[in-house]
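Trainee: okay, here's the prediction I keep looking at, along with the sequence it came from:
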Amino acid sequence: MQPLSHGCRQDKPMSSEASPAPVSQSMDYTRRAFNLADINVEMGLWMALGLGALMLRIWYLDAAPLNNVEATGALNALALSAGSGVPSLDPFFSNLQSIVMSLFGADAFSARLVAACAGAILCVSPLLLRPALGRTRSLSFALLMAFSPTLLFASRQAGGASLSWALGIVAWSLWLRGTRDARRGAFIALGLLLACGQDAVPPLITLAALLIFEYFTRDPQSRNPHAPISSTGPSHVMETRIHRTSIQEWDILLGVLAFAIASTAAFWRLSGVGDAVNGIALWTGFIPFQQPISVLRLVAGWLLYEPLLYLGAAAALVWLIVNHRLNRREVDWLIWGVIGLVVVALNPARDATGLVPVSISAAAIASVALQRMLQVPVTPPDEILAYPRVAELVVFGLATVMLIYAFMGLDMYGAQRMDTWLFTVLLGLLMVAGIVVVATLTYNTQVAIRGVGMAACLCLFIYTVSCGYQLTQTRAADAAEPYIGEAGDPGLRILLQTVQTISTRAYGDPNTIPLQVSNGAPPALRWVLRNQRGVTYVAHIANTASALTPVGQKPADNASYIGSAFRVTSSTSLSNLRCISVGTTSQLDCTPLARWFTLREIDEQSISSWVFWLRRDIAQKSDGQP
């Protein structure tokens, strides 16, 4: 029987958060007696974290124009909002996107708003796992996901991947809770997930693998097929005891009803059911205008953006194994990452959103390490300045300075193509190693590891935040980023401004100029011209006031035209990005690699441009000439 405090049951975690250390020696500051003040503080933390995750995802959401893949889905959603029955491979996301466009208008912000909100829901989904993970670890899990550059990037793309993974983790979390209401919620989330069509396949594969693992690791001597693994020996496996309930017919009916409502937009478009099934069947099919990103580039990008997650996950796994805390729930999170990598490797239409389950897996495991860092010994007020505590702070301060020195040396000298960057990095790391040795010999190993660990966590957190900000804000349209296979170029906005300016000067309205566009116009260009009422898409351009053609083509009539080229999309290959040999010597020059790491500067870049042709008499009229 659990002790009661203020009428509430004391919620103790059932996984790795339970520590055998006495309470008098170690206490988690968020694990005090359960009272109203603690509930308010905890709920305040969750609300602040959810609001912060949402603000990160909607802030300057239109930093980059829509690329071709995003524009394809946005154009379909725009047609749905106008009442057209356009087929969609992800009917649930398209229906939500069309509703948002109907309410707020069609632009890049509204096209990405559904994905951004779904990403925020994904970040606060660990709240459902609070009974199993505990307060500190569930908050740590959510914090790591909120600032993950991979999850941040995926939730700022106008696609259904963020929504499908949010529904997938909600369904799994509710399934683990095991209560009757939670099971019904899990089936509803599963029905909504199935309505995501093509984007639902990776989460469904992951959930299927988790259920298979649950089935084959159950206790064979128990009547309950989901019973925990029996513990044997001193290195027994600790299990989370979650109450289970059987599946009823109403659970399945609720899931089917949720699928029907989500895919058909509340039975407004009955063809959505077929679209969802067709999307699942065409998961590995060809997607027009999409340039698949290589597995090596995606993995390299994940290693570049997510050192906080994979280093924290590695440290957490070592701690779990050494302390015999590796239970079945931790293996579940490993399955998320493994299945995610397999799906990315098998899917020919892969992009950066395929790494979402890998980041979720790493964040779940790394939350163990962050939780251990937040657990500090209880120190009486008269011993706050005790010798070991001051030593930890000294080691933390010195290690932080050295790590910042190493990174700043790489950032400053690498950007200037100077070989000094390698010396500063090695010097900074050697100084950190020296601090560890001196602290170990002077104090003890715990002081050294804890001080350097806190410094590494702080520096990696700052680095992670900066990577996410640059990836989604300052470099959102930079094709040299590993996650960006093809970027919508800012030249699209310049083209639109040019067309509107000329139309206003020549016709008195920014959207009425007659404009013929070649049939092969990419979706990104079609999306930019969506509000132009005089646009027609033709195979042969002739006898028009203005025209848009690919580079190398021009209007076929004899009239005189003036042309200006505008960049539409850009892409780049990172396959040649490596250290090169210097002359005939065996020395390697890694300066180009360091320059790309710091400035994302690369020599090879592929640019797709289109030419805006303006008939000479219209050009003179727009300039105010008779």
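Mentor: Here it is on my side, so go on. Numbering: from 1, shown residues only.
Trainee: what sits against the nearest residue to Gly168 once chain neighbours are set aside?
Mentor: Distances taken as CB to CB, 6 or more residues apart in numbering place Pro203 nearest to Gly168, at 3.2 Å, with adjacent residues excluded. The way it works is simple: take the backbone N, C-alpha and C, and place the C-beta from them, glycine included. Listed by CB atoms under 8 Å, 6 or more residues apart in numbering, the contact set of Pro203 reads 164-165, 167-168, 193, 357.
Trainee: which of those are buried? Put it as a ChimeraX command.
Mentor: A single ChimeraX command selects the buried members of the contacts of Pro203 (16 or more other CB atoms under 10 Å):
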select :164,165,167,168,193,357
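Trainee: report the buried residues of stretch 436-446.
Mentor: So, applying 16+ other CB under 10 Å, buried residues of stretch 436-446: 436, 439, 443.
Trainee: which residue lies nearest the spatial centre of this structure?
Mentor: Centroid-nearest residue in the chain: Leu151, 1.4 Å away (criterion: CA atoms, centre = their mean).
Trainee: so which helix or strand takes in it?
Mentor: helix 149-154 (DSSP states H and E).
Trainee: which ones are touching the closest residue to Val356 other than its chain neighbours?
Mentor: Leaving out its chain neighbours, the residue that sits closest to Val356 by CB to CB, 6+ apart is Trp165, at 4.8 Å. Applying CB under 8 Å, 6+ apart, we find Trp165 in contact with 122, 154, 202-203, 356-357, 360.
Trainee: please, which helix or strand holds Trp165?
Mentor: helix 161-177.
Trainee: give the next helix or strand downstream of that helix.
Mentor: Helix 161-177 is succeeded, C-terminally, by helix 180-194 (DSSP H and E).
Trainee: for that next one, packing partners?
Mentor: helix 161-177, helix 201-216, helix 249-264 (3 or more CB pairs under 8 Å, 6 or more residues apart in numbering; DSSP states H and E).
Trainee: how far does the helix or strand following the last one sit from its chain's centre?
Mentor: Pointing back at helix 249-264 there. The helix or strand immediately downstream of helix 249-264 is helix 272-281, counting by DSSP H and E. Centroid separation for helix 272-281 versus its chain: 25 Å, with CA atoms, centre = their mean, to the nearest Å.
Trainee: ok, residues contacting helix 272-281?
Mentor: Outside helix 272-281, the residues touching it (CB under 8 Å, 6+ apart) are 87-92, 95, 194-201, 259-260, 263-265.
Trainee: check Thr498 and give its pLDDT.
Mentor: On the pLDDT scale, Thr498 is placed at 94.
Trainee: also Leu190?
Mentor: Reported pLDDT for Leu190: 95.
Trainee: for Leu163, give its distance to Val528.
Mentor: 25 Å (CB to CB, to the nearest Å).
Trainee: between the two, who's got more neighbours?
Mentor: Each of Leu163 and Val528 has its neighbours counted (other CB atoms under 10 Å); Leu163 has more, 28 against 23.
Trainee: check for me that Trp610 belongs to a strand.
Mentor: Yes. Under DSSP: H, G, I helix; E, B strand; the rest coil, Trp610 sits within a strand.
Trainee: what pairs with it across the strands?
Mentor: Pro550, Phe566 (DSSP bridges).
Trainee: Ala547 against Tyr537, yeah?
Mentor: No. Ala547 is beyond contact range of Tyr537, at 11.1 Å (criterion: CB atoms under 8 Å).
Trainee: pull up the overlap in contacts between those two.
Mentor: Counting by CB under 8 Å, 6+ apart, the residues touching both Ala547 and Tyr537 are 516-517.
Trainee: who are the contact partners of Pro65?
Mentor: Residues in contact with Pro65, defined by CB under 8 Å, 6+ apart, are 108, 477, 488-490, 492-493, 524, 528.
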